[in-house]
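Chemist: Need a 3D model of the following:
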Amino acid sequence: MPKRYTSRELVKLAEEFGWRLVGVRGDHYNFKNPESRFIVTIVHPQKDVPVGRAVDTAKKIRLEIK
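Modeler: Numbers count the residues shown, from 1 in each chain. Model prediction:
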């Protein structure tokens, strides 16, 4: 079973992989990486992010750089 993430962990993970916060609208935090043309959105604060969303976000953060 995949690891359970909090939104704080996902934000920290995004920042570690070079994603920068470009905007906030309500509880949606938008991150952009200079090497990627995509924006990753993380709902924050959220104590227990659903597993599917957390896995999808983690994949985007790590893989879209390559």
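Chemist: Okay, now the unreliable bits of the protein?
Modeler: 1-2, 63-66 (pLDDT under 70).
Chemist: Strands of that one, start to end?
Modeler: 20-25, 28-32, 39-43 (DSSP state E).
Chemist: closest to residue 7 out of those?
Modeler: With distances scored as Cβ to Cβ, the stretch of the strands of the chain nearest to residue 7 is strand 39-43 (5.9 Å). C-beta here means a position set from N, CA and C on the backbone, and glycine is covered the same way.
Chemist: Tell me where this structure has helices.
Modeler: 7-16, 51-63 (DSSP state H).
Chemist: how about the last one: buried residues?
Modeler: Neighbour counts over helix 51-63 (16 or more other Cβ atoms under 10 Å) mark 54, 57, 58, 60, 61 as buried.
Chemist: Check stretch 39-48 too.
Modeler: Result for stretch 39-48 [16+ other Cβ under 10 Å]: buried residues 40, 42, 46.
Chemist: Any chance of CSV for the buried residues of helix 51-63, columns distance to residue 8?
Modeler: Shown next, in CSV, are the buried residues of helix 51-63 (distance: Cβ to Cβ, whole Å):
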residue, distance to residue 8
54, 12
57, 13
58, 14
60, 18
61, 14
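Chemist: List just the nearest of these to residue 12.
Modeler: Nearest member of these to residue 12, counting by Cβ to Cβ, is residue 61, at 10.5 Å.
Chemist: which residues sit in contact with the closest one?
Modeler: 10, 13, 14, 17, 19, 31, 40 (Cβ atoms under 8 Å, 6 or more residues apart in numbering).
Chemist: and of the buried residues of helix 51-63, the nearest to residue 35?
Modeler: So of those, ranked by how close each gets to residue 35 (Cβ to Cβ), first place is residue 61, at 12.1 Å.
Chemist: check contacts around residue 19.
Modeler: Contacts of residue 19 (Cβ under 8 Å, 6+ apart): 31, 32, 33, 40, 61.
Chemist: where does it fall, phi/psi-wise?
Modeler: phi -80, psi 140 (degrees, to the nearest 10).
Chemist: Stretch 30-48: how far from the chain's middle?
Modeler: How far stretch 30-48 lies from its chain's middle: 4 Å, per Cα atoms, centre = their mean, to the nearest Å.
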